[in-house]
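1. After the sequence you'll find the predicted model.
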Amino acid sequence: MQNKSTNSLTKGVDTFNEADLIASLKHFLPTQTPLKDFIHHNSLHAFQEMKFYDAIFKASKIFGFEATLPLNDFRKLYELGRIDPTVLDKIIMDRKGTDGIIKWKEKVLKYPYDEHNEQRIGKLRAHWKKLFQIDLDNLVQPLLFRLLSNYLDQGISIWEFPIGNIGFLESIQQLEQNSYSSLFKKQRARQLLFKKGLSISELLQIVVGKETYYNQYIFDQQFAHKGWSGMVSAVESQPHTLLSPRKINLQDLIILELLFEIDNLDTELGPNWTALSNHVSEAPIELFADVSNEELFDVLKIWQDAFEWSYYDEILAGLQKLNQHKKLFPSTHSIKEQNSFQALFCIDERECSLRTHLENLNKKVETFGCPGFFGVEFYFQAEHAKFYDKLCPAPVTPKYLIKEYDVSEKRKHDLFYTDKTHQFITGFLSALTFGFWAGLRLIQNLFKPRMSPAISNAFAHMNEQGKLTIENKNTSDRENGLQIGFTIEEMASRVEGVLNGIGLTKIFSPIVYVVAHGSSSANNPHHGAHDCGACSGRPGSVNSRVFSAMANHVEVRKKLQKKGIDIPDTTQFIGALHDTAADEIEYYDTEILQTINAKNHLLHVQTFENALDLNAKERSRRFASIDTKMDIKKIRKAIKERSVSLFEPRPELGHGTNTLCIVGNREITKGIFLDRRAFLNSYDFRSDKEGNYLTDVMRPLGPVCGGINLEYYFSRVDNYKLGAGTKLPHNVVGLIGVANSSDGDLRTGLPWQMIEVHDPLRLLIIVEHFPEIILKSIQSSPEMYQWYENEWVHLVSIHPETNELSYFKNGGFIPYQTRAKEIHFYKDVHTLLEEAKEMESNHITHATQENLPVYLYN
Amino acid sequence: MESLIQIFIFIPLLGFIVSLFFSNKQEKLIAATAYTIVGIQFITIVLYTAYWLIQHTPTLNLKHFVFYKEGNIEIFLDYYFDKSTAVFSILGAFITFLVLVFSKYYLHRDEGYKRFFNTVLLFYFAYNLTVFSGNFETLFIGWEFLGITSFLLVAFYRDRYLPVKNALKTISLYRLGDICLILALWTSHHIWHKNITFIQLDDVQIVVAHIHENFYSVLFLLSMILIAASIKSAQFPFSSWLPRAMEGPTTSSAVFYGSLSVHLGVFLLLRTFHYWESILIIKILVILIGILTAIIASLIARVQSTVKTQIAYAAIAQIGLMFIEVAMGWHTLLLFHLCGNALLRTYQLLVSPSVLGYMIHDQFFNYSPKVYQTSNTFLNKLSNSIYTLSIKEWNLDGFLKKTFWNPFKMIGRSLHIISSFYGILSLVIIFTIGLCFFVLDRHMPLILDKYLHLLYAFLGMIIILIAFAEKKNPIYAWLLIILSQAYIVLSIALLNDQYEYLEILIYVASLVIAATLGILILLKLKKAENKLDLNDFYGYAYDHPKLAFWFLLSSLAFVGLPFTPSFIGVDLMFSHIDHNEYLLTFFTAISFLVLELTVLRIYARLFLGPNKKQTHPIAYRSS
């Protein structure tokens, strides 16, 4: 479909085909949906069928954004030692051969390249300004954006769009027809609006003239406000992302925009102007024509590779060293019967540190990682809710519904959000009453921040006391086409899948915690981006509870037993939710615990608390407002307050710094300080020699972890064009997005505050298995293979027997020798954290120094 | 007790000056200085007010600092303290303190951290100067600084297009208000023949007598004040700038456009209330503006689908009600209403990003699909018409553009030919001829003596309009600005026979310095960048931050930033224009209006906006 949609454009076909144009626009526009759901994805998804470097340089040439860090920053990183000279030499040698090394090193380090990037987009439409001094964007956009946001608005405006049950353009027609005032300045465009069967090409004939320019013109026009066009296209493709449904499509938007253009041209130039192509001498530009390689691109590729491998090499050397050491001195703690408890976490890098601290506090604790929806995919309906929440990875469409009931607690309201304060008389009264209260509230917020109804609370996603419809006893029990709850069979297969995937099939401790995660934050329109990506950007509390209930179910256990998974009766699963911003954990259904387990649970909670303290301390080193040397309890309190502080634009740093994804036994990473940079997916090659489960494990890694990583990459290298810019001036639009000021375009991508600590490195996936099995597994589907083949993520295998490393390139695995000279060791995590450097500014050369090198626990 | 008032001007000024000496990385020091200073001010003012209450609320006045004295012309700072001052200053200190504490964390690691605190402190100083002012001059100084700090904070994110564009929009209107105040000042000089203080205006008998004698002049003066107040408070028809000014960090929007700055129009009316309470027509005008604004702004607020613009229009509507309250004399109610509104809007703006999470969550539980009904009835059509109009903000934005700015541009553009080497040369020659006449003053024919100054003032105005419309060469534009200033000085010199050379010297010397600095910077920039025109924004502040800073400073000095000698110059110029010289006043006023806009436009086009060199990330124009 992707290829087809770009056909007529990439081949430069002269005839205009409206459907082709729309399809190809939709392909290239941002796909970010309304902000209530934040799904991380590759910002350059449209170019994913190309190799990474070809894609980024081509996209950069077309749309004008930066594809990598600026050359100068790379050179500074080199001077700082963040890019290893030996790695750089190796990369140059690999790319340019031994002969080229001296010549290319000179170029890489010194040559003054002109980095000016002349973008292709926007050139044709710029002629209006150049030739006629008419700034069409200024004239058209404010009203156009206003109409779009009022039509799509989900609940900000008090007076809603008067006609909302029909399509966008039709609504505008009706509004215009049944009104004494007009949106247009002149008659011609208004008349055209009412014309039956009005088409884009008809309008383009008036504005542009020659057909050969049509595609270019519309691309220019729509990418002048890619935020809004992207939103329209996303809502068109996924209407369910709006709670209050709207019928809008890209075609409507383009037609209305062209009508406004005609209207303004009529006003500015009088009635006798002629189409743009009559005045343009340049031939139409083929936007998607190939980009010829430049020497600068080669230099940037070398730098990017060198930057990446400088870190990768360190981590690979660390892993190798650790495992050699472990082979020589097998751990004495791995006698599993003594385990005090086991805990399942999401693979999220933010859980990586918590797991390490738990294991360090109690050597008998065993932790596992798997995608945070815990293999149970369903829609969730909170009690009294009018809608369903999808709680599984975005591409999955669940067939199940879990309903909450027996909730006694009432939802709290916040009067400051009532629209009454914006009206004439009630506004007057509220100024006299709420006004003074607001002053007091502000003082309280500043000096004693605490949770309030206005703050997005991860724990409020599901009521702790409420009950869930987990088991389905009658498959005809359905609602809106969804089966309510899971049957025993369905439960068993899901539990089995997860346990097999992570290799937890033999030895079970008395309590197995299933810890999901979510994030609380105040004043943060992007809070969805901090929640669990595997749960479609929501907290995973329901999933952890559902999974635990399934695994505790007697009938399910019987079925599992038949499959060789024998869970003892004394073992109980307990769901929990970790708030990654506040660093707090809430446990669910603890009343089911057997007496002895209940007693031990209290001890375990203390272990969790201590681990959370340490986790808070580890996080605090990246927050300038918290002194890492402070008393650990004070740090914990400060971290919690952050998550409920209105003035804090960084309640947490989300996935910032993510670079690694390690698939394998926890044993291979235990003892290494990963600095919260690694997604950790538990997987035991021993129980999966054929790699059957590996395919399932690997499938989501590209879209989920790779998607997160690339979104951070692009938002970091060009925060203006691919990211959302600083969030301080953001203005919430229609509850669907953010824009700057009143007339700005919607901003997609991540705000500056989320990416400033991030080093733009591609994800390195490390898998503990035989190379040939891994290869077989990634080649099992073309979509999965594309991620690796086109180098959007890196892949390295650790040979389970020899510990040898090999990395994936051009369809095969090549042996890799690490070159890191020294491995750092640490004895005491407190000293390590307290002595870590804090960044001076958020420039990459400072930010990157905050990342700690790879440490091994000594 | 009076002499203590100056403390409240001194403390913020001190804070501003101290804050200049930190580097951007010393975030903790910068923030701590800022909120400590404002905190101290808050405590002091509360104690002072308490003492003042014990003293049975006397109205206080302090003549503070004389800039200039010459015959009956005296320019001095004067402070005043009464109920409104007390309320405004306490409110200002309270809100500014809280917002500064908020900003300490909110702006962490922003590239403009220091710039932000500097500007807010300068704003706070200007705010206090305004609310403590005891005469029009002092008020004007505060007013002018408020405008400049507004410009700097709206354009805080100066590397994007929209903030810069909207900053220019805001300052254009503010400048119009400033000019109205200058004209009021000028009229006041001529009515009273001295620098009148507000405490003198409290004397009803004298005021009534004066109104009686100079009814139309007073009417003119008051209309000017009303326009200035309406602009500052975004009242009809000047409302559309306010939502567009919300470009800076949320915290600055909250302080400026949610609360303090936007309520100052009400303050101006309150301060001059005794002057106009006996004039029915002004009262009716104030009420009319208030009612119209309250209705229209409420309607516009109802259709806003973005949270900040909704709050902006809701605030405007309430201020409309306050205009009515001032005119009706319900001042205690007004002060309560004003404080409540300021606090409410500050809070609402600060928590505005939360609205997404909160309302979506709310909707999740309380959604009911809207029932749409389409009918062709008159009422339905009327309601649709109002909806459409409100979406278009009742065309206020376009109306202002068409009425105020387009005529200037048209005149300037039609005479574009003058903006060339020969054009400028001829202007210099014409100027020299004028200078000769000035030197040969006594020997001039009578008819020339009568009209020559008018001719030069007119030419001065035309020249600045040409500079305003200049699109290509910033150096020509700058030269034209200098020439226009020279023409105006000459014009006034020609008018006054008993001209003191010292006055010319003060003014001309400071102009020459500023002008030279400006042209040097432009030449240096031209040499470095080659491409220099005024057709687009170039964002050279990215490449040459120092040049940008000095150019801004020289520009502000050139247009008479208060406390620069040229400010006194401007003031003196006006005091030298006689009462009946309406045409001259008109030409000069227009010139001063356009002058600042032209200078800031050059600054903005060259140094602000998206950088043209695409070697680093640059924002799309629409973002």
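-> Ah, there it is.
2. ok, the residue in the stretch 251-400 of chain B that chain A sits nearest to to B:Ser233 distance?
-> When distances are taken as Cβ to the nearest Cβ, the stretch 251-400 of chain B reaches nearest to chain A at B:Gly340, 2.6 Å away. To be clear about C-beta, it is placed using only N, CA and C from the backbone, and glycine gets the same treatment. To B:Ser233, B:Gly340 is 16 Å away according to Cβ to Cβ, to the nearest Å.
3. hmm, back to that, which element is the closest residue to the residue of the stretch 251-400 of chain B closest to chain A other than its chain neighbours on?
-> Spatial nearest neighbour of B:Gly340, chain neighbours left out: A:Gly435 (2.6 Å); criterion: Cβ to Cβ, 6 or more residues apart in numbering or on different chains. For A:Gly435, the enclosing helix or strand under DSSP states H and E is helix A:424-447.
4. Averaged pLDDT, that helix. What do you get?
-> Across helix A:424-447, the average pLDDT comes to 88.
5. ok, then the element right after it?
-> Going down the chain from helix A:424-447, the next helix or strand is strand A:467-468, by DSSP H and E.
6. just so I have it, where are all the helices in the stretch 501-650 of chain A?
-> A:541-552, A:554-562, A:595-620, A:632-643 (DSSP state H, counting those that start in this stretch).
7. show me what contacts residue 238?
-> Since no chain was named, I'll use chain A. Shown in contact with A:Gln238 (Cβ atoms under 8 Å, 6 or more residues apart in numbering or on different chains): A:Thr33.
8. please go with chain B instead
-> B:Leu173, B:Ser230, B:Ile231, B:Leu396, B:Leu400.
9. The second one falls within a strand, correct?
-> No. Residue assignment for B:Ser230, taken from DSSP: H, G, I helix; E, B strand; the rest coil, gives helix, which places it outside any strand.
10. what about it, how many residues close to it?
-> Look at B:Ser230: counted by other Cβ atoms under 10 Å in any protein chain shown, it has 28 neighbours.
11. how close does it sit to B:Ile171?
-> According to Cβ to Cβ, B:Ser230 stands 17 Å off from B:Ile171.
12. same check, this time on the third one
-> Using Cβ to Cβ, we find B:Ile231 at a distance of 11 Å from B:Ile171.
13. Find the centremost residue of chain A, please.
-> Nearest to the geometric centre of chain A sits A:His40, at 2.3 Å (Cα atoms, centre = their mean).
14. Can you tell me, leaving aside adjacent residues, what's nearest to that residue?
-> A:His40's closest residue in space is A:Ile708 (Cβ to Cβ, 6+ apart), at 4.2 Å.
15. Now the strand or helix carrying that neighbour: buried residues?
-> Using DSSP H and E, A:Ile708 sits in helix A:707-717. For helix A:707-717, a neighbour-count test (16 or more other Cβ atoms under 10 Å in any protein chain shown) marks A:Gly707, A:Ile708, A:Asn709, A:Leu710, A:Glu711, A:Tyr712, A:Tyr713, A:Phe714, A:Ser715, A:Arg716, A:Val717 as buried.
16. Same question for stretch A:371-389.
-> A:371-383, A:385, A:388-389.
17. and of the residues you listed, the nearest to chain B?
-> Closest approach to chain B among those (Cβ to the nearest Cβ): A:Ala385, at 5.3 Å.
18. Please name every helix or strand in contact with the helix holding A:Gly435.
-> Here helix A:424-447 touches helix B:83-106, helix B:280-303, helix B:307-328, helix B:331-350, going by 3 or more Cβ pairs under 8 Å, 6 or more residues apart in numbering or on different chains; DSSP states H and E.
19. now the first one: how far from the chain's centre is it?
-> Think helix B:83-106. Centre-to-centre, helix B:83-106 and its host chain are 20 Å apart (Cα atoms, centre = their mean, to the nearest Å).
20. In CSV, could you pull the C-alpha coordinates for that helix?
-> In CSV, the C-alpha atoms belonging to helix B:83-106 read as follows (Å, rounded to 0.1, in the frame of the first residue of the first chain):
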residue,chain,number,x,y,z
LYS,B,83,-6.9,53.1,48.5
SER,B,84,-6.4,52.1,44.8
THR,B,85,-2.6,52.3,45.1
ALA,B,86,-2.8,50.1,48.2
VAL,B,87,-4.9,47.5,46.6
PHE,B,88,-3.0,47.4,43.3
SER,B,89,0.4,47.3,44.9
ILE,B,90,-0.5,44.5,47.3
LEU,B,91,-2.2,42.5,44.6
GLY,B,92,0.8,43.1,42.3
ALA,B,93,3.3,42.0,44.9
PHE,B,94,1.3,39.0,45.8
ILE,B,95,0.7,37.7,42.3
THR,B,96,4.2,38.5,41.1
PHE,B,97,5.8,36.8,44.1
LEU,B,98,3.8,33.6,43.6
VAL,B,99,4.4,33.5,39.9
LEU,B,100,8.1,34.0,40.4
VAL,B,101,8.3,31.1,42.8
PHE,B,102,6.3,29.1,40.2
SER,B,103,8.7,30.2,37.4
LYS,B,104,11.7,29.2,39.4
TYR,B,105,11.0,25.6,38.6
TYR,B,106,8.9,26.0,35.5
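21. tell me the angle of that helix relative to helix A:424-447?
-> Computed by axes from the mean of the first three to the mean of the last three Cα atoms, to 10 degrees, the angle separating helix B:83-106 from helix A:424-447 equals 50 degrees.
22. what's the answer for the last one, then?
-> Comparing the axes of helix B:331-350 and helix A:424-447 via the same axes, to 10 degrees yields an angle of 60 degrees.
23. Between helix B:331-350 and the next helix or strand after helix B:331-350, find me the angle.
-> Using DSSP H and E, the helix or strand that follows helix B:331-350 towards the C-terminus is helix B:355-366. Interaxial angle of helix B:355-366 relative to helix B:331-350 (the same axes, to 10 degrees): 90 degrees.
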